[in-house]
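Chemist: Whatever this is, show me its structure:
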Amino acid sequence: MKKVKKNKNDKFKWIITVMIVSFLLSILFSSLSESIIPNINIVFGIILIIIFILIGMIFDMIGVAITAAEEKPFHSMASKKVKGSKHSIKLLKNSDKLASICNDVIGDVAGVVSGSAGMLVSSSIAEELNLNSSIVVLIVTAIIASLTITTKALGKSVAIKNSEEITFKVGKFLNFFKKNSIKQK
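Modeler: Residues are numbered from 1 along each chain as shown. Take a look at the predicted model:
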């Protein structure tokens, strides 16, 4: 009975953590886009939107790859002391939480922020070209939504087919930073 209660408490803590992290990331990304986009030209605003879409796609790919990858090859690599393999195993052991962070928190927040950034860019486009802002907003948000959905769909397909390779690259990336942070201390 205690184990069941502990699991419920852990899940509740995890849900609260995800909520807080997503809230803070939303504030960070939104404030960045709202402070930067009005002060730059339309082309750079579009580039920033594309960057947000790509961030969402990359993190979505990582989340899918981690949930689709098998652990066995990484144990084999770890026994041969291949750099990044132990981090890859840790990723796989926490795949549910990491997928939630990558797909739901970072991926979805990037999608929402690209949409709000699109509103700012579409207002600038409408003002610059003296067009009806409602129509421009409609077209720009439709383009952003379709690009987001398309890139994420393509990314998921790539992630499933290359799950071990992507997981290993993330593991190597994390290993690199751990190694460098130890050197700095």
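Chemist: Does G63 touch G107 like I think?
Modeler: Yes. Contact criterion CB atoms under 8 Å: G63 and G107 qualify, at 6.8 Å. All C-beta atoms are positioned from the backbone trio N, CA, C, and that covers glycine.
Chemist: Give me the common contacts of those two.
Modeler: Residues touching both G63 and G107 (CB atoms under 8 Å, 6 or more residues apart in numbering): there are none.
Chemist: May I see the buried residues of the lowest-mean-pLDDT helix or strand in the chain?
Modeler: For the chain, counting by mean pLDDT, DSSP states H and E, helix 2-36 ranks last in confidence among helices and strands (a mean of 77). For helix 2-36, a neighbour-count test (16 or more other CB atoms under 10 Å) marks 22, 25-26, 29, 33 as buried.
Chemist: for stretch 102-118, same thing?
Modeler: Within stretch 102-118, the residues scored as buried using 16+ other CB under 10 Å are 102-103, 105-118.
Chemist: What average pLDDT does it get?
Modeler: For stretch 102-118, mean pLDDT rounds to 86.
Chemist: What of stretch 49-63?
Modeler: Averaged across stretch 49-63, pLDDT comes to 94.
Chemist: Need the residues that contact it.
Modeler: 29, 33, 98-104, 106-108, 110-111, 113-114, 117-118, 121, 144, 147-148, 151-152, 154-156, 158-159, 166, 170.
Chemist: 6 Å instead?
Modeler: Here stretch 49-63 makes contact (CB atoms under 6 Å, 6 or more residues apart in numbering) with 99, 102-103, 106-107, 110-111, 113-114, 117-118, 147-148, 151-152, 155, 159, 170.
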